[in-house]
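Asks: turn this into a structure:
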Amino acid sequence: MKYLKRLISFVIISILLLNFVFCGTKGIFYEVRSDYGKAYILGSIHYGTPDLYPLDPLIEKVFIETEALVVELDITDSQNIFKTQSYLFRRGIYKKGDSIENYLDSESVGYLKKLLGEENFEQIKIFKPWVLLLQISSSVLNSASDMRYGIDFYFLNRAKKLNKKIIPLETVEEQLDAFSEIPEEDQLNILKTILQGLKQEEHSKNDLSLLLDAYKNGDEEKLLNFLMKDREKKEYKIFYEHIFYRRNFKFAERIKKLLGEYKSLFIVVGAGHLIGENNVIKLLESEGFLGSKIF
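Replies: Got it, this is the predicted structure:
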């Protein structure tokens, strides 16, 4: 009887342990190999919630074993925060006396005030559409999630605790150029379209929940639908060209160079850069790298 009780206890504990081991978030995770080295590339969700963790143990294991962490940009570096602020005031502000109110219809302005708050709007109305797009995205995401639970932030903090080398794929200026160099007329069209969509649908926390669930389960098809669903729409094509496709080519080229310098890398880039057409994995494969999907 004692043996039976011990056996039952062992089985229960084993099941609990197995559930713990296999229930971790998977995301979109690839291995890419060359004759010189290998890279493990994890698609990131930049904002998250506590239940995004733990990650799958294999992801954690690989992270520990690799030589360096590669990210789009080190968002924990205070110097990058100062550089971002400087860039916004150099390239993101209208000339004195001008504001977004002169370029949007009254209905869009009214909803923008409602979305960001009247007081906030008065402070940021001097910014150009691309800056407001970033502000709206941050406002909507912060209502239901937190950057501190984003995958990038998690691994940057882990790397610093482990004294692991951190390598950025782009500078602050390069990242913000992707937004600011979209022609201003297109910026306005995108801003109006997004405001109209938010007004009609009243963005819900459930949208983010569905996105996070798709990410946790490594459901590439659902992630493609969430992150790239508007890529064929006329008003968004130039947005995807600047924010995703051009940067994909740049990321692939820099990863290729890094793999000539390091034997093993752990790379974290936005999940949208690993799915759809001309994604980073496909571009590396076109250069002769061998890519295989882990999750």
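
Asks: strands of the stretch 1-150 of the chain, start to end?
Replies: 29-33, 38-44, 68-71 (DSSP state E, counting those that start in this stretch).

Asks: residue 277: which of those strands is closest?
Replies: strand 38-44 (15.5 Å; CB to CB). From N, CA and C alone the C-beta is placed, and that goes for glycine too.

Asks: contact partners of that closest one?
Replies: 27-33, 59, 62-63, 66, 70, 150-152, 155, 215, 223, 255, 258-259, 263-275, 280-281, 294 (CB atoms under 8 Å, 6 or more residues apart in numbering).

Asks: skipping its backbone neighbours, what lies nearest residue 290 in space?
Replies: Spatial nearest neighbour of residue 290, excluding adjacent residues (CB to CB, 6 or more residues apart in numbering): residue 33 at 4.6 Å.

Asks: I'd like to know how far the one you found sits from residue 282.
Replies: 15 Å (CB to CB, to the nearest Å).

Asks: list the contacts for residue 151?
Replies: Contacts of residue 151 (CB under 8 Å, 6+ apart): 27, 42, 44, 45, 46, 48, 52, 268.

Asks: and the helices in the stretch 1-150 of the chain?
Replies: When assigned using DSSP state H, counting those that start in this stretch, the helices of the stretch 1-150 of the chain occupy the ranges 2-22, 57-65, 78-91, 106-116, 118-124, 129-142.

Asks: name the helices or strands packed onto the fourth one?
Replies: I take that to be helix 106-116. helix 118-124, helix 129-142, helix 184-201 (3 or more CB pairs under 8 Å, 6 or more residues apart in numbering; DSSP states H and E).

Asks: tell me the most buried of the ones you listed?
Replies: helix 129-142 (a mean of 18; mean count of other CB atoms under 10 Å).

Asks: elements contacting that helix?
Replies: Using 3+ CB pairs under 8 Å, 6+ apart: helix 129-142 touches helix 106-116, helix 118-124, helix 172-180, helix 184-201.

Asks: and the buried ones among the contacts of strand 38-44, selectable in PyMOL?
Replies: Listed next is the PyMOL selection for buried residues among these, using 16 or more other CB atoms under 10 Å:
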select buried, resi 27+28+29+30+32+59+62+63+66+70+150+151+152+155+215+223+255+258+259+265+266+267+268+269+270+271+272+273+274+275+280+281+294
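
Asks: of all the helices and strands packed on helix 129-142, which lies closest to residue 288?
Replies: Among those, helix 172-180 comes nearest to residue 288, with 25.6 Å by CB to CB.

Asks: adding distance to residue 112 and mean pLDDT, write the helices and strands packed on helix 106-116 out as JSON lines.
Replies: Formatted as JSON lines, the helices and strands packed on helix 106-116 follow (distance: least, CB to CB, whole Å; pLDDT from 0 to 100):
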{"stretch": "helix 118-124", "distance to residue 112": "6", "mean pLDDT": "89"}
{"stretch": "helix 129-142", "distance to residue 112": "7", "mean pLDDT": "84"}
{"stretch": "helix 184-201", "distance to residue 112": "6", "mean pLDDT": "85"}
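
Asks: now residue 266: which helix or strand?
Replies: strand 264-270 (DSSP states H and E).

Asks: what angle separates that strand from helix 57-65?
Replies: Between strand 264-270 and helix 57-65, the angle comes out at 120 degrees (axes from the mean of the first three to the mean of the last three CA atoms, to 10 degrees).

Asks: which strands or helices does whichever helix or strand comes after strand 264-270 pack on?
Replies: Beyond strand 264-270 in the direction of the C-terminus, DSSP H and E gives the next helix or strand as helix 280-286. Counting contacts by 3+ CB pairs under 8 Å, 6+ apart, helix 280-286 packs against strand 29-33, helix 246-258, strand 290-293.

Asks: buried ones in helix 280-286, by neighbour count?
Replies: Result for helix 280-286 [16+ other CB under 10 Å]: buried residues 280, 281, 282, 283, 284.

Asks: how far does that helix sit from the chain's center?
Replies: In terms of CA atoms, centre = their mean, to the nearest Å, the centre of helix 280-286 is found 19 Å from the chain centre.
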